[in-house]
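Participant: please find the sequence and the predicted model below.
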Amino acid sequence: MVDRVVVTGAGGLLGSTVAKLYGDRAVAFDHASLDITDADAVHAAIEGARPDLIVHCAAMTDVDACEDDPDRAFRVNGEGSHNVASAASHIGAKVVTVSTDYVFDGTSGPYSEEAETDPIQVYGESKLAGEHAVREATERHFVVRSAWIYGHGGKNFLSKIPQLVSQEEISAVIDQFGSPTFAPDLAAAIESLARTDHFGTYHVVNTGFCSFFEFMTYGLRFLNATTRIKEVEVGSLGRPAPRPLDTRLSGSAWERAGFPPLRSWQEAAESFLRER
Ligand SMILES: NC(=O)c1ccc[n+]([C@@H]2O[C@H](COP(=O)([O-])OP(=O)(O)OC[C@H]3O[C@@H](n4cnc5c(N)ncnc54)[C@H](OP(=O)(O)O)[C@@H]3O)[C@@H](O)[C@H]2O)c1
């Protein structure tokens, strides 16, 4: 039974979605109200709230900013996750930590939960450090790896489809493949997982996969936009951090534990675009 839930990073896309889902049961901390790199503050906040569950969504998520400032990336994504999980352990709470497809190098997707990790940029390395820190701090953990999360209020490219309809032309990457995942679908999956004691590592994404180009094309055509979509290769964008090209995730552990696959990315995208 989960009566009270602490949500970290509750000002972000997934954290705000999770906090909304739990409603009155959520004690939601955004960045301003709780900096996860401050160990004393994290322990005080979590001991004060005494939750049964912590859904840890706070992270430094700007992949290129992580490349430019590795110290900060490891402080937030690595040590910050350790602070949250050790506070959870101290009061016996379960913890869900949200991780990423970027822990893989992208050369041999689809990846199962057991596949070897080998991140190729600082963001993925720091998120992997966070996974390890959580596993070491408490047995009562769920590491939930997701990918390409979008939704209402998101700052990323995928979340912005509705705002792109008025543009004449946009560019979209053709050579990066993954599973776009609608934040409310992921939040609901986290909620059902966290009701159980099936601790461990899970891949949770909407079913199927596509390139960014295919996703943008699907979304803009669904909205009847006439926007031209220029095909670009990710390497041509000159970004500081390298991107893994094929991070399709398969949720074999998720299905073995008896959880149903999430709906397809196309159905989820249509829900998002209808609700906009
Ligand atoms: N978005 C994706 O495509 C994606 C894919 C796979 C996994 N994930 C993972 O999913 C989780 C949620 O991501 P999201 O998409 O919701 O990202 P988001 O919108 O950027 O949310 C992350 C939140 O964490 C906050 N934060 C940053 N540093 C913090 C600190 N030191 N203390 C407390 N809060 C801090 C941010 O606040 P500020 O904005 O003030 O910095 C932001 O509100 C993250 O763990 C991310 O790594 C995301």
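Facilitator: That came through, no problem. Residues are numbered from 1 along each chain as shown.

Participant: which bits of the protein sit near the ligand?
Facilitator: 9, 11-15, 31, 34-37, 57-61, 76, 80, 98, 100, 127, 146-149, 156 (Cβ under 6 Å from any ligand atom). (Glycine included, C-beta is placed from N, CA and C.)

Participant: just the buried residues of these.
Facilitator: Burial by neighbour count, 16 or more other Cβ atoms under 10 Å: within the residues of the chain next to the ligand this picks out 9, 11-15, 34, 36-37, 57-61, 76, 80, 98, 100, 127, 146-149.

Participant: mind checking which of those residues land in helices?
Facilitator: If you go by DSSP state H, those have L13, L14, G15, G80, K127 in helices.

Participant: isn't the fourth one up against T37?
Facilitator: Yes. With contact defined as Cβ atoms under 8 Å, G80 and T37 form a contacting pair (5.1 Å).

Participant: wait, I46 touches A88, no?
Facilitator: Yes. I46 is in contact with A88 according to Cβ under 8 Å; the separation is 6.8 Å.

Participant: mutual contacts of these two, please.
Facilitator: Contact criterion Cβ atoms under 8 Å, 6 or more residues apart in numbering; residues shared by I46 and A88: I54.

Participant: and the nearest residue to S89 once chain neighbours are set aside, how many neighbours?
Facilitator: Counting by Cβ to Cβ, 6 or more residues apart in numbering, T138 is the residue found nearest to S89 once chain neighbours are left out, at 3.9 Å. Other residues near T138 number 20, with proximity taken as other Cβ atoms under 10 Å.

Participant: which residues touch T138?
Facilitator: T138 neighbours (Cβ under 8 Å, 6+ apart): A85, S86, A88, S89, V95.

Participant: Throw the ones in helices among the buried ones among the residues of the chain next to the ligand into CSV and include distance to I229, thanks.
Facilitator: Shown next, in CSV, are these (distance: Cβ to Cβ, whole Å):
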residue, distance to I229
L13, 23
L14, 27
G15, 31
G80, 37
K127, 30
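
Participant: how about the residues you listed in JSON lines, adding distance to K160 and pLDDT?
Facilitator: Formatted as JSON lines, these follow (distance: Cβ to Cβ, whole Å; pLDDT from 0 to 100):
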{"residue": "L13", "distance to K160": "12", "pLDDT": "97"}
{"residue": "L14", "distance to K160": "16", "pLDDT": "98"}
{"residue": "G15", "distance to K160": "19", "pLDDT": "98"}
{"residue": "G80", "distance to K160": "27", "pLDDT": "98"}
{"residue": "K127", "distance to K160": "23", "pLDDT": "99"}
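
Participant: hey, what's T201 bridged with?
Facilitator: V143 (DSSP bridges).

Participant: thought it was touching H132?
Facilitator: No. Counting by Cβ under 8 Å, T201 does not reach H132; the two are 11.1 Å apart.

Participant: so if I had to pick from these two, which one is more boxed in?
Facilitator: Taking neighbours as other Cβ under 10 Å, T201 and H132 compare with T201 leading, 18 against 14.

Participant: any idea of the pLDDT on the more buried one?
Facilitator: Looking at T201, its pLDDT reads 98.

Participant: measure it to the ligand for me?
Facilitator: 14 Å (Cβ to the nearest ligand atom, to the nearest Å).

Participant: show me where the stretch 151-276 of the chain has its helices.
Facilitator: For the stretch 151-276 of the chain, the helices defined by DSSP state H, counting those that start in this stretch cover 161-164, 183-194, 212-222, 252-256, 265-275.

Participant: ranking these by mean pLDDT, which is last?
Facilitator: helix 161-164 (a mean of 91).

Participant: need the contact list for the nearest residue to H43 once chain neighbours are set aside.
Facilitator: Distance criterion Cβ to Cβ, 6+ apart; nearest residue to H43, sequence neighbours excluded, is A87 at 4.8 Å. By Cβ under 8 Å, 6+ apart, the contact list for A87 reads V42, H43, A45, I46, E47, I54.
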